[in-house]
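Asks: Next comes the sequence, and after it the predicted model I'd like to discuss.
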Amino acid sequence: MSKQLTAIAAALLLGAGVGGAVGAAVALESDSEPAAQPAAANLPVSQTTSSTAALYKRYKDAVVEVHASTGGSSDSPFEGQTPGQATGSGFVISDEGHIVTNQHVVDNAQSVQVEFSDGSEVNAEIVGTDPSTDIAVLDVDRPASDLTVLQFAPTGGLEVGNPVVVLGSPFGLEGSLTTGVISAVGREIQSPNGFTIENAVQTDAALNHGNSGGPVLDTQGRVVGVASQIRSDSGGSDGVGYAVPGDTAKRVATELIADGKVEHAYLGVRLADDGAAKLESLVTNGPAAKGGLRAGDLVIEVEGERIETGDELREAIDARKPGDELELKIRRGSNEQDVTVELGTRPETAQ
């Protein structure tokens, strides 16, 4: 596969705090920040190595290997697996046995097994999947005393250069660890059903087939992303890997645990490639078209707030639910006008 985005086989979903109605709490950091820790990059080599080893020993039992059987051949571009069998990674997010993984690992699975670090293997139920964010949640029947739960880092604190470690099962080699740094934030990657995943985390930590869904951890052992894709000329790790951001995975996992599905708000437009919030085209009979928007319109405000980019428009839509009304100010030619659009539900595949 030359010069293309190649997603790694994996199985890990990030969870979010969920209320009593959900019946299970996904591990989350509290609002209070923990005591500052020295960056690994500033530590002596021996201390850095020791810290990484200690982190591995503490959290390796939270990471699992996921085996999904589809019962047939697999032609998914997100897999490099034996026909009918996908292998990825995952991690435990609640003491009730919820596990996060990539949607592409369990896509069309007839059965799923999860192997823990002690070698025990149990059947897993698919709680729900969301191809728009490549996140899925599994559930296993295992005593809470036998589970190690990963927590999530508070959002918004990632910086380029922060050291990270990735745990998972590259090529089925369970219990593997790779190290690196956050190479970039705010990247865009394509989901299995063709929609854009915003704010992806880029890392140079080695990712290979089988790492998908594995946790990307900071130096305190908190999840900052879910390994999902690589960009590669060779088909292997070339030092450019992508993870679904933790806040996205948290939100999606919460909804999957609560409802078994996720509904995304949908405007029904294609934006221009120049980064502006300019509508290049509209989906026929989509929410934007029904609301009176036209190709060529430039969105300059959302709910009274000025925006400059297409990313800001996408984020505003993602923060809402189907059926919500969105007040926009647009520039059409030399004129500005207000438009109210009722958001729809995102279709199963990008149009």
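Replies: Done, it's in. Keep in mind the model is a prediction, meaning the values are calculated, not measured.
Asks: Run through the bridge partners of Val63.
Replies: When bridges are called by DSSP bridges, Val63 pairs up with Phe91.
Asks: do the one 4 residues further on as well
Replies: Under the criterion DSSP bridges, His67 forms beta bridges with Thr87, Gln113.
Asks: what's the pLDDT at it?
Replies: Looking at His67, its pLDDT is 96.
Asks: list the contacts for it?
Replies: 85-87, 112-115, 121 (C-beta atoms under 8 Å, 6 or more residues apart in numbering). Heads up, the C-betas are built off the backbone N, CA and C, glycines and all.
Asks: now, which of these sits nearest Gly172?
Replies: Thr87 (5.4 Å; C-beta to C-beta).
Asks: contacting residues around the closest one?
Replies: Each residue near Thr87 by C-beta under 8 Å, 6+ apart is listed here: 9, 65-68, 81, 105, 169, 172, 209-210.
Asks: Among these, which one is most surrounded by other residues?
Replies: Compared across the contacts of Thr87, Val105 has the highest neighbour count, 34 neighbours, by other C-beta atoms under 10 Å.
Asks: Where does pLDDT dip in this protein?
Replies: Across the chain, residues meeting the criterion (pLDDT under 70) sit at 1-50, 71-83, 155.
Asks: quick one, what contacts Ala277?
Replies: Ala277 makes contact with 271, 298-300, 307-310, 312-313, according to C-beta under 8 Å, 6+ apart.
Asks: in the chain, which residue is closest to the centre?
Replies: Nearest to the geometric centre of the chain sits Val244, at 2.7 Å (C-alpha atoms, centre = their mean).
Asks: separation between that one and Leu343?
Replies: Using C-beta to C-beta, to the nearest Å, one gets 23 Å for the distance from Val244 to Leu343.
Asks: Could you do Ala124 as well?
Replies: In this structure, Ala124 and Leu343 are separated by 34 Å, where distance is defined by C-beta to C-beta.
Asks: Neighbour count: the two, which is higher?
Replies: Neighbours were tallied for Ala124 and for Leu343 using other C-beta under 10 Å; the higher tally belongs to Ala124 (27 against 21).
Asks: Does the closest residue in space to Phe171 that isn't next to it in sequence belong to a helix, a strand or coil?
Replies: Here the nearest residue to Phe171 in space, its sequence neighbours aside, is Gly210; by C-beta to C-beta, 6 or more residues apart in numbering that works out to 5.3 Å. Classification of Gly210 into helix, strand or coil gives coil, according to DSSP: H, G, I helix; E, B strand; the rest coil.
Asks: Got the phi and psi for Gly210?
Replies: The main-chain torsion angles of Gly210 are listed as degrees, to the nearest 10 and equal phi 110, psi -20.
Asks: neighbours around the residue nearest to Gly275 when sequence neighbours are not counted, how many?
Replies: Nearest-residue entry for Gly275: Thr309, 5.5 Å, with adjacent residues in sequence omitted and distances by C-beta to C-beta, 6+ apart. Residues near Thr309, counting by other C-beta under 10 Å, number 14.
Asks: how about Thr309, what does it touch?
Replies: Listed by C-beta under 8 Å, 6+ apart, the contact partners of Thr309 are 275-277.
Asks: Redo those residues as TSV? Include secondary structure and distance to Tyr266.
Replies: Putting those into TSV (DSSP: H, G, I helix; E, B strand; the rest coil; distance: C-beta to C-beta, whole Å) gives the following:
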residue	secondary structure	distance to Tyr266
Gly275	coil	21
Ala276	coil	20
Ala277	coil	16
